[in-house]
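K.L.:
All I have is the shape, not the residue letters:
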């Protein structure tokens, strides 16, 4: 009977593991679907732990670097042969931790790409208080991307009403929010994206003043920016790097600010080329600052006070690109680096 009870407590646990470290552009074949078993009861000798059922997993560009053998990075490499990890939303199914109870919903970092996870270090997890909002939003607008947009725009760029704002990769999880924050403040906002569908989304869904397909302007990004910003750019929210950054530097205004959030054009290059036009930082007295959202989570409650009313009043829109099923996770993640996603890319593991 005891053996039968143990078997009843075990369930199949699908996982996405990293097969090997990657150089160059990643492929779906670098990730593998694996099946194991897990007990739905935390061992009695494991205090302060939670066992969770994963609901939504976030696909984020920074995960590309973790697929490589990193040295001295701000994040650690994934462990070859183990489930990859990232931001996610989960439901607690068992707990030996005093701050988490069975049935609680949580979001946080280091969620395994698997159906169930045993978490013994809960420091990077938040209990979800506002369950009236779609839980998937905690992978995006109410999670790391939302905080990134908030910090980069308000804390790094110190925006003022009427300023001219440019956002690259503007239809992504972060960019779509930065543009809407800027519009709420009364700024003139232009975004770049990689398809006509995304350009239409920026202008007609998110309320950008203008938007353009950078792939159609690659021969002369400088000329494109001069069309949309004849008087120059006050704020640039950087998600791309490379040729886009070089063109932006030529078009920044005096005392402009650049928040460096990401440089996705370089993530799959073994030796990224150097950036030209950097002297503009001096001549135009531009402040260019990189940032990591991890340093700002002490502002999370302040962020929620700002964003929740906007969501409930319909003043901020949010678009998600949902991949259904853990087995479709690799394609969703790799698709980020070809711009296949429209809006925030996430994987739906379970609907509870």
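P.N.:
Noted; the coordinates are in hand. None of these values were measured; they are calculated from a predicted model.
K.L.:
For the stretch 1-150 of the chain, give me the ranges with low pLDDT.
P.N.:
Scanning the stretch 1-150 of the chain with the threshold set as pLDDT under 70 gives 1-8.
K.L.:
Swap in 80 and give it another go.
P.N.:
When residues are selected by pLDDT under 80, those of the stretch 1-150 of the chain lie in 1-9.
K.L.:
so where do the helices sit in it?
P.N.:
Secondary structure of the stretch 1-150 of the chain (DSSP state H, counting those that start in this stretch): helices located at 2-9, 63-66, 144-150.
K.L.:
Give the other helices and strands that the last one contacts.
P.N.:
With contacts defined as 3 or more CB pairs under 8 Å, 6 or more residues apart in numbering; DSSP states H and E, helix 144-150 has these neighbours: helix 175-184, helix 300-312. Any C-beta I mention is one placed from the backbone N, CA and C, and that applies to glycine too.
K.L.:
Let's see that with 10 Å instead.
P.N.:
Based on contacts counted as 3 or more CB pairs under 10 Å, 6 or more residues apart in numbering; DSSP states H and E, the elements that helix 144-150 packs against are strand 85-95, strand 105-112, helix 175-184, helix 300-312.
K.L.:
if you compare these, which one is most tucked away?
P.N.:
Of those, the one with the most neighbours on average (mean count of other CB atoms under 10 Å) is helix 175-184, at a mean of 25.
K.L.:
which is the next helix or strand following it?
P.N.:
Toward the C-terminal end, the helix or strand that comes next after helix 175-184 (DSSP states H and E) is strand 188-193.
K.L.:
coming back round to it: reformat the helices and strands packed on helix 144-150 as JSON lines; add distance to residue 120.
P.N.:
Putting the helices and strands packed on helix 144-150 into JSON lines (distance: least, CB to CB, whole Å) gives the following:
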{"stretch": "strand 85-95", "distance to residue 120": "12"}
{"stretch": "strand 105-112", "distance to residue 120": "10"}
{"stretch": "helix 175-184", "distance to residue 120": "33"}
{"stretch": "helix 300-312", "distance to residue 120": "23"}
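K.L.:
Which one, of those, ends up nearest to residue 197?
P.N.:
helix 175-184 (13.4 Å; CB to CB).
K.L.:
Run through the neighbouring helices and strands of the closest one.
P.N.:
helix 144-150, strand 164-167, strand 188-193, helix 196-204, strand 233-238, helix 300-312.
K.L.:
go again using 6 Å as the cut-off
P.N.:
Helices and strands touching helix 175-184, by 3 or more CB pairs under 6 Å, 6 or more residues apart in numbering; DSSP states H and E, are strand 164-167, strand 188-193.
K.L.:
how about a markdown table for those, with mean pLDDT, mean neighbour count and distance to residue 91 added?
P.N.:
Putting the helices and strands packed on helix 175-184 into a markdown table (pLDDT from 0 to 100; neighbours: other CB atoms under 10 Å; distance: least, CB to CB, whole Å) gives the following:
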| stretch | mean pLDDT | mean neighbour count | distance to residue 91 |
| --- | --- | --- | --- |
| strand 164-167 | 98 | 28 | 34 |
| strand 188-193 | 98 | 26 | 34 |
